[in-house]
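Enquirer: below: sequence and its predicted model.
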Protein chains: 2
Amino acid sequence: MTDSMILVTGVYPVGGHLAGWRHPTAYPDIAMNLDAMIELARLAERGRIQALFLADGNAVRQMDKPALFEAVAPSDRPASFEPTTVMAAIAQHTAHVGLFATATTTYEQPYLLARKFASLDHISGGRAIWNVVTGSYPGDAVNFGGGFPERTDRYRRAGEFLDVCKGLWDSWADDAFPQDKASGRFLDSSRVHVLDHVGENFAVRGPLNVARSPQGHPVLFMAGQSGPGRDLAAQHADCLFTVAQTKEESLAAVADIKGRVAAFGRDPAALKIIPGIRVNVAGSREQALDLYRELNALVSPALGVEYLSSQVKQDLSGYPLDGPMPDLSTEVAGVTSIRQSIGEMAAREGLTVRQTYQRLLAADEDPPFTGTAAEVADEMEDWFRSGACDGFMMNVPTLPLGLERVVDLLVPELQRRGLFHDDYTGGTLREELRLPVLRNAYFDTAHAGSTT
Amino acid sequence: MTDSMILVTGVYPVGGHLAGWRHPTAYPDIAMNLDAMIELARLAERGRIQALFLADGNAVRQMDKPALFEAVAPSDRPASFEPTTVMAAIAQHTAHVGLFATATTTYEQPYLLARKFASLDHISGGRAIWNVVTGSYPGDAVNFGGGFPERTDRYRRAGEFLDVCKGLWDSWADDAFPQDKASGRFLDSSRVHVLDHVGENFAVRGPLNVARSPQGHPVLFMAGQSGPGRDLAAQHADCLFTVAQTKEESLAAVADIKGRVAAFGRDPAALKIIPGIRVNVAGSREQALDLYRELNALVSPALGVEYLSSQVKQDLSGYPLDGPMPDLSTEVAGVTSIRQSIGEMAAREGLTVRQTYQRLLAADEDPPFTGTAAEVADEMEDWFRSGACDGFMMNVPTLPLGLERVVDLLVPELQRRGLFHDDYTGGTLREELRLPVLRNAYFDTAHAGSTT
């Protein structure tokens, strides 16, 4: 078979849907629930899924809107494990699945971060992934002195941060620690490199006090959609999360990104493009649609209003839930056709605020990648074979149900079609992802292969 | 029985003795060996030892002296796991033993550190220990911009850092996350506290995005010997590592430290004093002495010369190993009686440099806490019953042998004498250590007990 597609699955404690955690099948006690995380990881591994994604941030959000705060959207995460520690724990209960830890270059120190990711890579036997973020949520800054750097500055810092980490990760040759009891030579002093980095943001001498890790360094994922974000990924990343509503959008993104990769002198194939999709697969199409209907009926009003507000670009949280929708025909900054059509619908039918967000949710009850395994696989196959992606980041509506259905229904279908590997290779995650072996920048290694 | 003594055991990858890793029974491949760490943790747990200590630092040391660098002293740690990740992994293979992670207040950020330790405490079911250090090794600074703050500044930063972390760890009441599917109320917005800290070194708004952890926060160990170090511990720590050569020295340290604790308005009993001791227990006294003799014969010349140099306060690494000792009767800064007596011995007997360090090592082949279980227990009992300590940090010469003997020989003897608990309580580490339950500073909790 040709290369397998890459499947990553999100494990958001509260589920991917706004009401995911409220579903009758959802975990009843998901805040800080390590056992649930381990169960999900094992489930993903049963489905041969290559990696487990866990989003992260460094602040509690939405505290200024108590109703919204109490309802907790999937992106809010008020009670969540620190990523590298929880992934080190999950690594002990799994053998193959890749383990994402998100960490920000804006508030971390490269020496400390390089250490913990090298350590995680050792601990997991070569399964560490660093989801590199620059901390685009300004609310995180208040926990780090308050200053929120401009995007340009954040990306410059990120680039230098990555240079430093890559240098530190190559501090030691793979044979640097002979540990020869007879001669007393624990290490070979000719097999260590002092980085001596002095740059705009960092001065880091090195070497790192961790031996080179099984993958050389963690697989680097990024998610930048902006030009600078894509350039950073084109230069440094192994995989890039993208956002695309259609195959055509994804094809355009791929063309743009692969062009940037080539411009940095890298093989365009070396950067894998992984769009995020909402997957809702079930035994029948009707069963899949029912799940969305059921979940939409469970959406808390505060989240429904917030969703509506984001669509119409206006905060509607001050309006009575069962009162009439305000007039949306007035100008707001960035007015969109969606705002206009929602406003016209509400006025025409005399809808309340609640009715309007319910209409909006209902209109989204049959999005792409919803249906039977064959139907969802059809769409995935179309994207994949068209070159619109190298795989998918699957966001399922509720856990564990959504992931169980992916593993039991969708994965076998993809395997039957030769789109997805039948089993893990048993190597490091880089091997699972068909990424080139990383050569040490300063030392010959026993490994063959090209460099990134 | 009265309170059990606290036993902590060090798990240095290269062993506690200068030649620990070279012993025939030592692990053949100890650099980045997670399996060995897990085995040691399980061994400690079989012996009901309350906590596993792992020293740490943020630099590779001794690179300017290649021979010394290659030989690796126990304090050098050129290849070691990042502490919180490895302890999160070890937590998955153990159920009761406390897990130390060392981290420095000088280079870390309080929000990130508070998160990872709260996370470790959740992951381990309430067994996290933070060994708070201020990064007293100046060589670490080159990996963090280069500036090494004065001790006074480091301790002020440490005090503020601890205030911030303690505030963040109490961000949420224990009942803050009802996760009520019926009402859609995931969290209770009246049960969260915003710290809003603005101080000399840090501005951190909070709250922490981790629920309050099983212990309230990790057990806090420190190791300061200086006045400021002891004051910081007296104010903040649960346990303090001390250095004492004799019971009398330890009694004096206890009196000084407990006085400082009282001066900060805390119950002097709330701070446990844990001197570090070298323990070498065996089936017979001769067998214990043989182990030291055997290890001393394996000490690499570079380490032997370094040890001699530290004793005579003069770098002797430039002198031929088998050439005569230089004249030590000349003045050097901080000249000691040890320097004088070593110099006289070497001159009198015409010793070479090698012979001199070998004599020095041999003179230390029968230190305290060496011998049969009964002999070692006698000394420990004397210290403990005299009030010279609340327990011991045991440094064994080679691993796993030294720890196996502690578990199989010494622990049963201490248990027979009623000095050491027969089994774990099954509660959190704070309960194992008989430390007071931590009340949340901002919310009533279900727990009874006093505050620290």
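Expert: Received it, and whenever you're ready, just let me know what you need. Residues are numbered from 1 along each chain as shown, chains lettered A, B, ... in the order given.

Enquirer: if I pick the residue nearest the centre of chain A, what's in contact with it?
Expert: Central residue of chain A (Cα atoms, centre = their mean): A:Phe53, 5.2 Å from the mean position. Neighbouring residues of A:Phe53 by Cβ atoms under 8 Å, 6 or more residues apart in numbering or on different chains: A:8-11, A:100, A:131, A:393. In short, each C-beta sits where N, CA and C put it, glycine included.

Enquirer: just A:Ser75 next, same as before
Expert: A:Ser75 is in contact with A:55, A:61, counting by Cβ under 8 Å, 6+ apart.

Enquirer: SS state for it?
Expert: Of the three states, A:Ser75 takes coil according to DSSP: H, G, I helix; E, B strand; the rest coil.

Enquirer: now A:Ile274
Expert: strand.

Enquirer: now A:Trp130
Expert: Secondary structure state of A:Trp130, per three-state DSSP, is strand.

Enquirer: just checking, it touches A:Gln215?
Expert: No - using Cβ atoms under 8 Å as the test, A:Trp130 is too far from A:Gln215 to be in contact (10.7 Å).

Enquirer: max-length helix in chain A?
Expert: In chain A, with assignment by DSSP state H, the single longest helix is helix A:151-169.

Enquirer: helices or strands up against whatever helix or strand comes next after it?
Expert: Note on helix A:151-169: by DSSP states H and E, the next helix or strand toward the C-terminus is strand A:197-198. If you count contacts as 3 or more Cβ pairs under 8 Å, 6 or more residues apart in numbering or on different chains; DSSP states H and E, strand A:197-198 packs onto helix A:151-169.

Enquirer: hmm, the helix it packs on in reach of chain B?
Expert: No - Helix A:151-169 is not in contact with chain B by Cβ under 8 Å from any Cβ of the partner chain; minimum separation 8.7 Å.

Enquirer: buried residues in that helix?
Expert: A:154-169 (16 or more other Cβ atoms under 10 Å in any protein chain shown).

Enquirer: helices or strands up against that helix?
Expert: helix A:110-123, strand A:197-198, helix A:227-236.

Enquirer: partner strands of the helix or strand that comes right after the last one, with direction?
Expert: So that's helix A:227-236. Once helix A:227-236 ends, the next helix or strand along the chain (criterion: DSSP H and E) is strand A:239-242. Strand pairing for strand A:239-242, using DSSP bridges, gives strand A:219-222 (parallel), strand A:272-278 (parallel).

Enquirer: returning to what we had before: turn the contacts of A:Phe53 into a markdown table, including distance to chain B, pLDDT and secondary structure.
Expert: Putting these into a markdown table (distance: Cβ to the nearest Cβ, whole Å; pLDDT from 0 to 100; DSSP: H, G, I helix; E, B strand; the rest coil) gives the following:
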| residue | distance to chain B | pLDDT | secondary structure |
| --- | --- | --- | --- |
| A:Val8 | 21 | 98 | strand |
| A:Thr9 | 21 | 97 | strand |
| A:Gly10 | 18 | 90 | strand |
| A:Val11 | 16 | 85 | coil |
| A:Phe100 | 14 | 96 | strand |
| A:Asn131 | 16 | 97 | strand |
| A:Met393 | 22 | 97 | strand |
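
Enquirer: low-confidence stretches in the stretch 201-350 of chain A?
Expert: Residue ranges of the stretch 201-350 of chain A with pLDDT under 70: A:331-335.

Enquirer: again, only using 50
Expert: Along the stretch 201-350 of chain A, the model assigns pLDDT under 50 to no residue.

Enquirer: near chain B, which residues of it?
Expert: A:202-211, A:298, A:300.

Enquirer: now the longest helix of chain A - C-alpha only, PDB.
Expert: Output of helix A:151-169 as PDB, limited to C-alpha atoms (Å, rounded to 0.1, in the frame of the first residue of the first chain):
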ATOM      1  CA  ARG A 151       2.600  38.500  16.800                       C
ATOM      2  CA  THR A 152       5.800  39.400  14.900                       C
ATOM      3  CA  ASP A 153       7.800  39.300  18.100                       C
ATOM      4  CA  ARG A 154       6.200  36.100  19.200                       C
ATOM      5  CA  TYR A 155       7.100  34.400  16.000                       C
ATOM      6  CA  ARG A 156      10.600  35.700  16.000                       C
ATOM      7  CA  ARG A 157      11.000  34.400  19.500                       C
ATOM      8  CA  ALA A 158       9.400  31.100  18.500                       C
ATOM      9  CA  GLY A 159      11.900  30.700  15.600                       C
ATOM     10  CA  GLU A 160      14.900  31.400  17.900                       C
ATOM     11  CA  PHE A 161      13.400  29.100  20.600                       C
ATOM     12  CA  LEU A 162      13.200  26.300  18.100                       C
ATOM     13  CA  ASP A 163      16.700  26.800  16.900                       C
ATOM     14  CA  VAL A 164      17.900  26.600  20.500                       C
ATOM     15  CA  CYS A 165      15.900  23.500  21.300                       C
ATOM     16  CA  LYS A 166      17.100  21.700  18.100                       C
ATOM     17  CA  GLY A 167      20.700  22.600  19.000                       C
ATOM     18  CA  LEU A 168      20.200  21.300  22.600                       C
ATOM     19  CA  TRP A 169      18.600  18.100  21.500                       C
END
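
Enquirer: so for it, mean pLDDT?
Expert: Mean pLDDT, helix A:151-169: 96.

Enquirer: pretty sure A:Arg22 contacts A:Leu298?
Expert: Yes - with contact defined as Cβ under 8 Å, A:Arg22 reaches A:Leu298; the gap is 4.5 Å.

Enquirer: save the strands paired with strand A:239-242 as TSV, and put in mean neighbour count too.
Expert: Listed next are the strands paired with strand A:239-242 as TSV, based on neighbours: other Cβ atoms under 10 Å in any protein chain shown:
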stretch	mean neighbour count
strand A:219-222	25
strand A:272-278	21
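
Enquirer: mind putting these into a markdown table with distance to B:Ala88?
Expert: As requested, the strands paired with strand A:239-242 are exported to a markdown table (distance: least, Cβ to Cβ, whole Å):
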| stretch | distance to B:Ala88 |
| --- | --- |
| strand A:219-222 | 20 |
| strand A:272-278 | 27 |
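
Enquirer: I'd like to know which of these is closest to A:Glu413.
Expert: strand A:272-278 (15.4 Å; Cβ to Cβ).

Enquirer: and the next element down the chain from that closest one?
Expert: Per DSSP H and E, strand A:272-278 leads on to strand A:280-281 as the next helix or strand towards the C-terminus.

Enquirer: what are the pairing partners of that next one, and which direction each?
Expert: Sheet pairing for strand A:280-281, assigned by DSSP bridges, gives strand A:370-371 (parallel).

Enquirer: other SSEs contacting the next helix-or-strand element following the partner strand?
Expert: Next in sequence after strand A:370-371, counting helices and strands by DSSP H and E, comes helix A:373-385. In this structure, helix A:373-385 makes packing contacts with helix A:247-263, strand A:280-281, strand A:391-395, helix A:411-416, judged by 3+ Cβ pairs under 8 Å, 6+ apart.
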